[in-house]
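Chemist: Sharing a model that was predicted from the sequence below.
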Amino acid sequence: MRKLRQSTCTLLCMIALAFLFSNGNAQVKLTDTEVTKRLAVLVTINAADETLGSVVQSLAKQTGVSIHAAPDLAPHRLALHMRSVTAITVLETVAETYGCRLERIDDGGIRILRAPVKMPADISGISAALVQALPPAYQRFLGLNTPLPVPFNSKAPLEVQRSKFARSLRTSLQKRVGDPDPLQNERIGAIWTQRSVQVVTGKDYSCAQWTDEERQKVLLSLFYLTIARSQYGLLQAGFVGLRGFELHPERSIMKYGFNRTGQPVELHIGIVSVDDHGGRFENTFGANLRFLQTPPLAGQNK
Amino acid sequence: MNLVATFFIRSIFVQTASAMLLTYILIASPCHAKAPQTPSPGDGSAPPASRLPKPIGELRVDVHVTGRPFAEIMDSLARKCNISFIVEDLPRKVAGDMEYSGPLQDAIDRLGDVFDLDWRVSKRGIILFVKRFRDPNEHPQVIHSELNRVALDVNAVFKVIPYEPDGIPWHHQVRTLYQSLNEDQLRRLNNKEKLTPADLSAPQQRQMLQTLYSNGFGETISAWRLFAQQLQGMGNSALGIRTLDRADLLVYLYPVGQPSQRIQPLQPARQIRTEAPRQ
């Protein structure tokens, strides 16, 4: 009798567990109407320092809709105060903030993610694609979304104005990211002034052991160096593009540069561009002839 | 040794001219001028409005705070005025002071100034704060997965440039081009004539274009390729430190167990010029 009671009890427990388990994992696919209805409920969210992922989870709990943030977005830290607004308003505002979009997923839920970059078919589309590839915060950091001063230089063609403006942005960007040479980069130097005791000569301090702060330092250092090395190309590609070059390769020129005594000292290569009024802009870069006349050092050229 | 060579090479080139090259030359056609590709925020929308609707913007508020975080000050304003806000990233400045009495519109402007934030009203009427990066120490959030994606995307975008890097810097390409010139071409250059592509052979024309691309974008493409490699290899990387010439320490990143390979210095070693700066 006692055994029977025990086995009955065990059976009931198993049934209860099975019931709970099946309910807990049930994926009820919501219809579009149901999702719309649920996201129209008013919610209140306050967060002084949260990740985007946890904000989205909180919304999912409040609405019963499956909502996910893409892995590259979920760790973003943010603060928000939204009182008595619809859940869809919160989601759309988050998407607008990070330059993302909302997408329906198979289980009837919502995913917040960055739109894939539309790759340019040729070099004429490089500006737009580059802007799309960089999150809004990066664009602002680089100055890519800075409006052109009006009038920046009303006489020059728009592209020349853009180009000059792109150059002017480099100074402020250089202050933020430092020198392209890591050994000269004081910004990175400042980041590493304080080092963990685990960073010692002759021993690996592997990534798995780094603290979050150290991981951030490494990422920031690599990011600064990359921007420092590439800022010229990024800003030129972003602001000016390459269409003119593609259309008029025949305008490239080569010439000698002469010193005061009339001796050739440099080889200049560049392009002549013509503005709308027929004005000609010649711009070249040069190399010293003494360097050009010497054979390359071993291993310099493949 | 590499550094010495690099320094030598740098010193013999006219760097300023090269840095300005594409400034004038890569300009677009008139049709491009009519449809400028103005870089804009990610959604491509018009410049944001940073004005609140009149009745709300004119609400009078008093803010008298010392050493308080942005979110706390803004949260208090939001409760008083029944408004909602979001800030994309926590400002680097942890706490700020503000003494203000006046319309809400101006209070938010002032708060933005204190914490280096721009703001606008979102499509749904929420106040949206973003970093404006006037503080030179501010930077975007650096998230491994996001950086990784950005690096892959940027590299993919730059693939559209018909440039074959092969690790050859532009100044070596100029030398190859120069050494390919024949006597007649050299004579014309000596006579202060300009050579155009029509005066060059087909291989020379290709070399000239590659040199121009290399000068404009070679370093950029190379930097982003290295960045993508570093990010993808980070899970198997280690930090190390090296004593240089008994004078300074260098923090560097390398693949675990292979400290001699692909060293990427992360901290400057002042006064020391013996370490290769990069791969």
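Modeler: Done, it's in.

Chemist: CA only for contacts and neighbour counts going forward, please
Modeler: Will do.

Chemist: pLDDT below threshold where in chain B?
Modeler: Low-confidence segments of chain B (pLDDT under 70): B:1-49, B:165-167, B:242-250, B:259-264, B:266-279.

Chemist: Find the nearest non-adjacent residue to the residue nearest the centre of it, please.
Modeler: Compute the mean C-alpha point of chain B, and by Cα atoms, centre = their mean the closest residue is B:Thr220, 9.8 Å away. Take B:Thr220 and drop its neighbours on the chain: the residue closest to it by Cα to Cα, 6 or more residues apart in numbering or on different chains is A:Ser230, 4.0 Å away.

Chemist: Surely that neighbour forms part of a helix?
Modeler: Yes - counting by DSSP: H, G, I helix; E, B strand; the rest coil, A:Ser230 is found in a helix.

Chemist: related to what we said a few turns ago, list phi and psi for the residue nearest to the centre of chain B.
Modeler: phi -60, psi -50 (degrees, to the nearest 10).

Chemist: Show the contacting residues for it.
Modeler: Remark: with contacts taken as Cα atoms under 8 Å, 6 or more residues apart in numbering or on different chains, B:Thr220 is in contact with A:Arg229, A:Ser230, A:Gln231, A:Tyr232, A:Gly233, A:Leu234.

Chemist: So the fifth one lies in a helix, does it not?
Modeler: Yes - counting by three-state DSSP, A:Gly233 is part of a helix.

Chemist: measure it to A:Asp179 for me?
Modeler: Distance, A:Gly233 to A:Asp179, using Cα to Cα, to the nearest Å: 15 Å.

Chemist: same question, the fourth one
Modeler: In this structure, A:Tyr232 and A:Asp179 are 13 Å apart, going by Cα to Cα.

Chemist: And A:Tyr138, by the same measure?
Modeler: With distances taken as Cα to Cα, A:Tyr138 is found 19 Å from A:Asp179.

Chemist: What of A:Arg195?
Modeler: From A:Arg195 to A:Asp179 the distance is 21 Å (Cα to Cα).

Chemist: Looking only at neighbour counts, state which of these two leads.
Modeler: Remark: of A:Arg195 and A:Asp179, A:Asp179 carries more neighbours, 19 against 12, as counted by other Cα atoms under 10 Å in any protein chain shown.

Chemist: Enumerate every residue touching the more buried one.
Modeler: By Cα under 8 Å, 6+ apart, the residues touching A:Asp179 are A:Asn185, A:Glu186, A:Leu225, A:Ala228.

Chemist: Can you tell me which of the residues you listed is closest to B:Leu253?
Modeler: Nearest to B:Leu253 out of those is A:Leu225 (Cα to Cα; 13.1 Å).

Chemist: Please enumerate the strands of the stretch 201-302 of chain A.
Modeler: A:205-206, A:252-258, A:264-274, A:280-288 (DSSP state E, counting those that start in this stretch).

Chemist: got it, and the stretch 51-200 of chain B?
Modeler: With DSSP E, counting those that start in this stretch as the criterion, the stretch 51-200 of chain B has strands at B:60-68, B:85-87, B:96-103, B:117-121, B:127-131.

Chemist: Pick the most deeply packed of the ones you listed.
Modeler: strand B:85-87 (a mean of 26; mean count of other Cα atoms under 10 Å in any protein chain shown).

Chemist: From the contact counts, what lies against that strand?
Modeler: strand A:77-86, strand B:127-131 (3 or more Cα pairs under 8 Å, 6 or more residues apart in numbering or on different chains; DSSP states H and E).

Chemist: correct me, but A:Met82 touches A:Leu42?
Modeler: No - here A:Met82 lies out of contact with A:Leu42, judged by Cα atoms under 8 Å, at a distance of 9.9 Å.

Chemist: What is the neighbour count of the closest residue to A:Gly109 other than its chain neighbours?
Modeler: With Cα to Cα, 6+ apart as the criterion, A:Gly109 has its nearest non-adjacent residue at 4.4 Å, and that residue is A:Ser66. Residues near A:Ser66, counting by other Cα under 10 Å, number 22.

Chemist: Check B:Asp135 too.
Modeler: 14.

Chemist: ok, the closest residue to it other than its chain neighbours to chain A distance?
Modeler: Excluding the flanking residues, the one nearest B:Asp135 by Cα to Cα, 6+ apart is B:Asp116, at 6.7 Å. Note on B:Asp116: its distance to chain A, by Cα to the nearest Cα, to the nearest Å, is 12 Å.

Chemist: Contact partners for the residue nearest to A:Gly109?
Modeler: A:Ala60, A:Asp107, A:Gly108, A:Gly109, A:Ile110.

Chemist: Buried ones among these?
Modeler: For those, a neighbour count by 16 or more other Cα atoms under 10 Å in any protein chain shown gives the buried set as A:Ala60, A:Gly108, A:Gly109, A:Ile110.
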